[in-house]
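Asker: what's the 3D shape of this:
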Amino acid sequence: MILQGNAMRAIVATLICAATSAHALDGRPFVPKSLQSSEGLSSTRDSTGNLICPSTFNSGASIPKGTPYVWLRNVTVDPADCLAACCGNITCVKWVHTKFWTEGGAWCVEGAPCCLLYNGQTHDVPRLNSPNITSGEASPWHLELAGVFSHNMVLQRAPSSAAIYGRAPPGLSVTVTMGGPSGPQGGKPLTPAVAGPDGSWKVRVPPTAAGGNYSFLVTAAEFPPIALNGVTFGDVWICSGQSNAWLPLHHTFGLNDTLASIAAGQLDGPNGPRIRMFTMPQTMPLEPVYFVPATNTSGKDMSGLPNVWNVPSSAKPVNRSYGNCDNNVYAPYCFSALCWNFGVSLMNKTEPNVPLGLISSNVGGTPIQAWSERTRLLATCGNVSSPGQNTSNFGNLYNGMIAPLVNMSVKGFVWYQGENSIGRLPEGSTTNHTGYSCAASNLVASWRSIFSAAPNSTNPAAPFGVVTLAAGTSEGHQNEMGVFRQAQMGSYQHTPNPAMPGVFVAAAHDLGDPCYKGTNCTGTKWAQMYAHSYMGPIHPRIKREPAARLATAAAALYWTSTTPTGPVFSGCKLEETSNTLTLKFNASLLGSGALTIRPYNQAGNNSATEVLYNVTGVAHSGRPIWSLEWTPVNISMASGNTITADLSPLNGARPLSVRYAWGDTPCCRYEMANSLPCLPANCPVFAEPVDLPAMPFTATISSDGSCACDGPIDCSE
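Answerer: Residues are numbered from 1 along each chain as shown. Here you go, the predicted model:
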């Protein structure tokens, strides 16, 4: 047998093969750590009863005959090699090819001999007598907790019922005892669980109020018990996406302020830190995996370190570096800046004594298809393949970094992705189920559905926050930024909407890096708050601002069923006699808020409002032709929910289209032309007092002087 990868060491392990299908936690598919056989075990054993290989085979290094049966991980194996190499006539139920293997390993071809592989690390295999395992048979697993459980973690508070889960030898009864801060002694044993054929087990925790300092003890037969201490209940949020969701705090402005607030005890609560953090290991299997190992085996950052929940620390390394930033020592220094700042802002806007558990599950440079459950995506949306993209990789990040969390109960989600999709995946529309618009809507719906599959777990309408692409992050696709930001909201210009109900958004079109490439920031506060830029303006160093907008909207859902939004364009009226264009904004969405125009550089054409005029051919797929020149016009308040645009620069020509904040960095025309800092929140139209910017829009001006928008957007008021 030829094994690809590093030379492997033999380890002691056992093999039990199964003729029945594996079952998951809550009925979902589960990739087990070993298989069982209805034909029993007939291979040669050593003096201690461990299986041994009947012949010599090679894996770069020779493993001689008589060596205990080995299980190697993170290698590619041709299943046809199994017969001659390992374990005689034992057969398995099926083969699931996985290019990137995780703890689950892989299965053999149906009816072919079983040959599971492991990474060569020594395991001490315990003994167990169980009704489902021959007496004296070595257990295929230890009693294990999933790696998302550790000391100091946060479990979802009432009314949801949290869960504790892991794996154990099939048929084993597992008991979880819940106790107070002094330990589980005298605590309440919860309803036991029995490990299924795949070894998975799950125990539900009764709905528990926020706060507290609890301990849990997991016991089963003669296995060593597993203890969890310092556990509290609160709200658990999953933050996911690509590099701007991943960007660590030490690459952002405000780092020193954050560390100082931690050192001053400003995040301390009555039962320990009010914010706790967990970072998912980066894995990309081709099939869903529902178990995170206790140790990070991803081969990425923090590989080889334990997967644990962390409490805030003001510590930071002497030398800043990108590689192997150790969250277990330097958190939140190495933790997602967006996720951290969202948690801090949300804590200050809602219930300060409700602990927050923040789970960062992010990978830079990744498309939305990788984070989507593959079957649902392909069944729901058409035209979701980027050029040269292999659809077999769809869902690989969902499989390895979201699926392991679905048995938890959570409060909600935050999603920030798109830089790797703009210009590659067509924007599409939710009205015809195509492109990014459909993929975004599908991701929200599928995650909610999967996480809420178990009764009384995650709310089926769990809050879901989206960050639109920040200024300066188009990766060369500037002309597509406006329409793509609407695609991030399911083809609409605001959320919630029919395609994305219950979704709240942080518009970031005015939140680029203030000191973008070539900008002279000398003497500004940004120079004084220096933070090392990671790859330039594609990763804006301001993350507190989009996080605060997310928190403003999320906090509203704690008290009401509505979320605030910036002004949303609803219609226009061309006044040719006065050479003006009246722009209307949705009064009901403004609610009790006020439409305002903040001071802006009129001479520098910084109104972010532009019109198209005096051209032949006005539309492509319902949108103005990108290559045509748009003319900036100044704006002023009219009354209530209306704004007046001055059309005098058109010299009497009739405007054909109007747009607002539609470009990559739409509100810093003067600053960019003169290499000046582009300050955050630089667009002029805002809603007060919620402090949210007007949403970008584009519209065609009809012959009667009214406006018409694309797709499902209604701007005919």
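
Asker: looks to me like N244 is in a helix.
Answerer: Yes - membership of N244 in a helix is supported by DSSP: H, G, I helix; E, B strand; the rest coil.

Asker: contact partners for it?
Answerer: 338, 416, 419, 467, 470, 473, 539-540 (C-beta atoms under 8 Å, 6 or more residues apart in numbering). Bear in mind the C-beta positions are built from the backbone N, C-alpha and C, glycine included.

Asker: mind redoing it with 10 Å?
Answerer: With contact set as C-beta atoms under 10 Å, 6 or more residues apart in numbering, N244 has these partners: 336-338, 362, 364, 416-419, 467, 469-470, 473, 508, 534, 538-540, 543, 546.

Asker: mind listing which of these are in strands?
Answerer: Judged by DSSP state E, the subset of the contacts of N244 located in strands is 362, 416, 467.

Asker: what is the burial count for the second one?
Answerer: Think Y416. Neighbourhood size, Y416 [other C-beta atoms under 10 Å]: 32.

Asker: any idea which helix or strand carries R448?
Answerer: Using DSSP states H and E, R448 maps to helix 435-451.

Asker: not counting sequence-adjacent ones, nearest residue to A245?
Answerer: Counting by C-beta to C-beta, 6 or more residues apart in numbering, A245 lies nearest to Y416, which is 4.0 Å off, once chain neighbours are set aside.

Asker: and the helix holding R448, which residues are buried?
Answerer: Residues 435-448, 450-451 are the ones in helix 435-451 that count as buried (16 or more other C-beta atoms under 10 Å).

Asker: do the same with stretch 257-275
Answerer: So stretch 257-275, judged by 16+ other C-beta under 10 Å, has buried residues 258-259, 262, 267, 269, 271-275.

Asker: quick one: mean pLDDT over whichever strand or helix holds L550.
Answerer: L550 belongs to helix 544-556 when assigned by DSSP H and E. Mean pLDDT, computed over helix 544-556, is 95.

Asker: and that helix, C-alpha only, in PDB?
Answerer: C-alpha atoms of helix 544-556 as PDB (Å, rounded to 0.1, in the frame of the first residue of the first chain):
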ATOM      1  CA  ARG A 544     -15.600  48.900  15.900                       C
ATOM      2  CA  GLU A 545     -17.800  51.000  13.600                       C
ATOM      3  CA  PRO A 546     -19.400  48.100  11.600                       C
ATOM      4  CA  ALA A 547     -19.600  46.100  14.800                       C
ATOM      5  CA  ALA A 548     -21.500  49.000  16.500                       C
ATOM      6  CA  ARG A 549     -24.000  49.200  13.600                       C
ATOM      7  CA  LEU A 550     -24.600  45.400  13.900                       C
ATOM      8  CA  ALA A 551     -25.100  45.800  17.600                       C
ATOM      9  CA  THR A 552     -27.500  48.700  17.300                       C
ATOM     10  CA  ALA A 553     -29.800  46.500  15.100                       C
ATOM     11  CA  ALA A 554     -29.300  43.300  17.100                       C
ATOM     12  CA  ALA A 555     -30.000  45.100  20.300                       C
ATOM     13  CA  ALA A 556     -33.400  46.200  19.000                       C
END
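
Asker: centre of the chain to it, how far?
Answerer: Here helix 544-556 shows a centroid-to-chain-centroid distance of 17 Å under the convention C-alpha atoms, centre = their mean, to the nearest Å.

Asker: try stretch 348-367
Answerer: For stretch 348-367, the separation from the chain centroid amounts to 10 Å (computed by C-alpha atoms, centre = their mean).

Asker: before we move on, the earlier item: touching, the residue nearest to A245 and P540? I think so.
Answerer: No - between Y416 and P540 there is no contact under C-beta atoms under 10 Å: 11.2 Å.

Asker: nearest spatial neighbour of A547, skipping sequence neighbours?
Answerer: What sits nearest to A547 in space, not counting adjacent residues and going by C-beta to C-beta, 6+ apart, is N341, at 3.5 Å.

Asker: follow-up on the earlier one: which neighbours do Y416 and P540 share?
Answerer: Contact criterion C-beta under 10 Å, 6+ apart; residues bridging Y416 and P540 by contacting each: 244, 247, 470, 508, 546.

Asker: skip the chain neighbours and tell me the closest residue to the fourth one.
Answerer: If the residues on either side of it in the chain are set aside, A508 comes closest to A470, at 4.0 Å by C-beta to C-beta, 6+ apart.
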